[in-house]
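Student: below are the sequence and a predicted model for it; my questions follow.
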Amino acid sequence: MNNFKIPKIRFMNFNDKWKYKILGEISSSIEYGLNASAKDFDGIHKYLRITDIDDSSRLFLTDKLSSPDVNFTEENYENYKLQKNDLLFARTGASVGKTYLYRESDGEVYYAGFLIKARLHDSYDGNFVFQQTLTDKYKQFTEITSQRSGQPGINGKEYGNWKIGMTSYSEQSAIGSLFRTLDDLLASYKENLANYQSLKATMLSKMFPKVGQRVPEIRLDGFEGDWRIVKLGDVLSELKSGLSRELSNDDIGLPVIRANNISDGNLNLDRDIKYWFKEDPKGANTANYFVKKNDILVNFINSEAKMGTAAIVSREPDRETIYTTNILKLTVKEDYYPYFIYLMTFVQSYQNYIKSITKPAVNQASFTTVDFKKYEFLCPAFQEQQAIGACFSNLDNLINSHKEKISQLETLKKKLLQDMFI
């Protein structure tokens, strides 16, 4: 078999053919980690274990730092201290195949015994090699190699035989730099997303009255007076469950919203969609089940974890769309602001109430519409509802735009991983 290939996508001015090398050839050593338990972080010696490596980003999770439980004053542990071009591999258990590339910004880091360190020669770009551990070919290697016994595992010798597509150092460096930039951008978006989500959680806890209070802790300028108690049933002009049908994977007429399309407060109509006939063979008028802008959709027959979870239809659907029988459609009266009512599904009192009315079952939990409509909550005048709803709507748009950007970058990276390596 010809050992020389070229990738599908390539930077200009690079024309050399690639060839395969094994990890053992490009490393000065392949060694096992430090067999020591963890103790509280001593402020200097960071300890990296398999569980400290993020599954998706492969970054060092530093929120719960620890140190190896050894006496650094009595023995020399320099061989377990990571340096530039050190690449770690998980060698056993469910995490086998997980990798981590040491970054100098990580500081003084020692690695634990369930990890294997490959110290790459200086003539190889660490990030170029590391990115290849994120490819499907590497995944196939770890799946095949780790199944030699009942307990998944790959030892140092086996990792040393992993085949890596290799090119000139200058091309390695260019490719490694590209992926490092992508990873940094992804990390930045994910950090911002986490901050916005944390801000939303804080705002929800402070901009809605706590138990026993009639006004929120934080209030928008220009509003005063107590909020009044209202019952959910009095807020709605319609409360209706959807159609119960055996749905099709083929587009036979109408998209149907199911529980799978409601996640983290969002309605996703771009994936995992099933369909039903516009002219219902069983005689139902499907027009009675069309969803419209500002409708609120709530799961009420599903797993206990999904009980009461909701999404708002933020824009008119691109085509006529109906919803399944496990979902309630809430239409809000004109003197209430839909986005504000939707926000009530995130406050703790609502979630506590849903738990109290949910009837557990072996397959699917549920609650009745009679009980659901009895939910009472504090509500301000329409203008304040509108102001609060607009505030959270803008924040949700920001959160969703970050999620979309992360998804786009992850898709781009997956494509580049597939096409920029052999």
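Tutor: Structure's in. What do you need?

Student: ok, now which ones touch the residue lying closest to residue 99 once chain neighbours are set aside?
Tutor: When the adjacent residues along the chain are set aside, residue 99 lies closest to residue 133, with 4.1 Å between them (C-beta to C-beta, 6 or more residues apart in numbering). Heads up, the C-betas are built off the backbone N, CA and C, glycines and all. The contact partners of residue 133, taken as C-beta atoms under 8 Å, 6 or more residues apart in numbering, are 87, 89, 97, 99.

Student: neighbours of the closest residue to the third one other than its chain neighbours, how many?
Tutor: Which is residue 97. The shortest distance from residue 97 to any residue other than its chain neighbours is 3.3 Å, reached at residue 142 (C-beta to C-beta, 6+ apart). Under the neighbour criterion other C-beta atoms under 10 Å, residue 142 is assigned a count of 21.

Student: could you give me the average pLDDT of stretch 171-188?
Tutor: Per-residue confidence for stretch 171-188 averages out to 96 on the pLDDT scale.

Student: and stretch 405-418, by the same measure?
Tutor: Confidence for stretch 405-418, expressed as mean pLDDT, is 96.

Student: so for that stretch, what gets flagged as buried?
Tutor: Judged by neighbour count (16 or more other C-beta atoms under 10 Å), stretch 405-418 contains these buried residues: 405-406, 409, 413, 416-417.

Student: now that stretch, how far from the centre of its chain.
Tutor: Mean-position distance between stretch 405-418 and its chain equals 14 Å (C-alpha atoms, centre = their mean, to the nearest Å).

Student: which residues touch it?
Tutor: Residues outside stretch 405-418 that contact it (C-beta under 8 Å, 6+ apart) are 8-9, 131, 134-136, 178-179, 182-183, 185-186, 189-190, 193.

Student: neighbour-wise, which one of those residues leads?
Tutor: In terms of neighbour count, residue 131 stands highest of the contacts of stretch 405-418 at 26 neighbours, by other C-beta under 10 Å.

Student: excluding its backbone neighbours, what's nearest that residue?
Tutor: The spatial neighbour of residue 131 that comes closest, neighbours along the chain excluded (C-beta to C-beta, 6+ apart), is residue 179 at 4.6 Å.

Student: tell me the first helix or strand C-terminal of the helix or strand hosting the one you found.
Tutor: Element membership for residue 179 (DSSP states H and E) is helix 169-206. The first helix or strand that comes after helix 169-206 along the chain, using DSSP H and E, is strand 228-231.

Student: helices or strands next to that following strand in the packing?
Tutor: Counting by 3 or more C-beta pairs under 8 Å, 6 or more residues apart in numbering; DSSP states H and E, the packing neighbours recorded for strand 228-231 are strand 376-379.

Student: quick one on the thing from earlier: off-centre distance for the helix holding residue 179?
Tutor: Averaging C-alpha positions (C-alpha atoms, centre = their mean) puts helix 169-206 12 Å from its chain's average.

Student: residue 288 - how many residues pack around it?
Tutor: Residue 288: 11 surrounding residues under other C-beta under 10 Å.

Student: which residues touch it?
Tutor: residue 240.

Student: just residue 353 next, same as before
Tutor: So residue 353 contacts residue 375 (C-beta under 8 Å, 6+ apart).

Student: helix, strand or coil: sort out it for me.
Tutor: Using DSSP: H, G, I helix; E, B strand; the rest coil, the structure places residue 353 in helix.

Student: just the helices in the protein please.
Tutor: 23-26, 126-131, 136-146, 156-160, 169-206, 232-235, 338-343, 348-357, 369-373, 382-419 (DSSP state H).

Student: mind listing what's buried along the fourth one?
Tutor: The one in question is helix 156-160. 156, 158-160.

Student: and if you look at stretch 302-321?
Tutor: Of the residues in stretch 302-321, those buried by neighbour count under the rule 16+ other C-beta under 10 Å are 302, 306-314, 317, 321.

Student: out of these, which is nearest to residue 33?
Tutor: Comparing the buried residues of stretch 302-321 against residue 33 with C-beta to C-beta picks out residue 306 as the nearest, at 41.0 Å.
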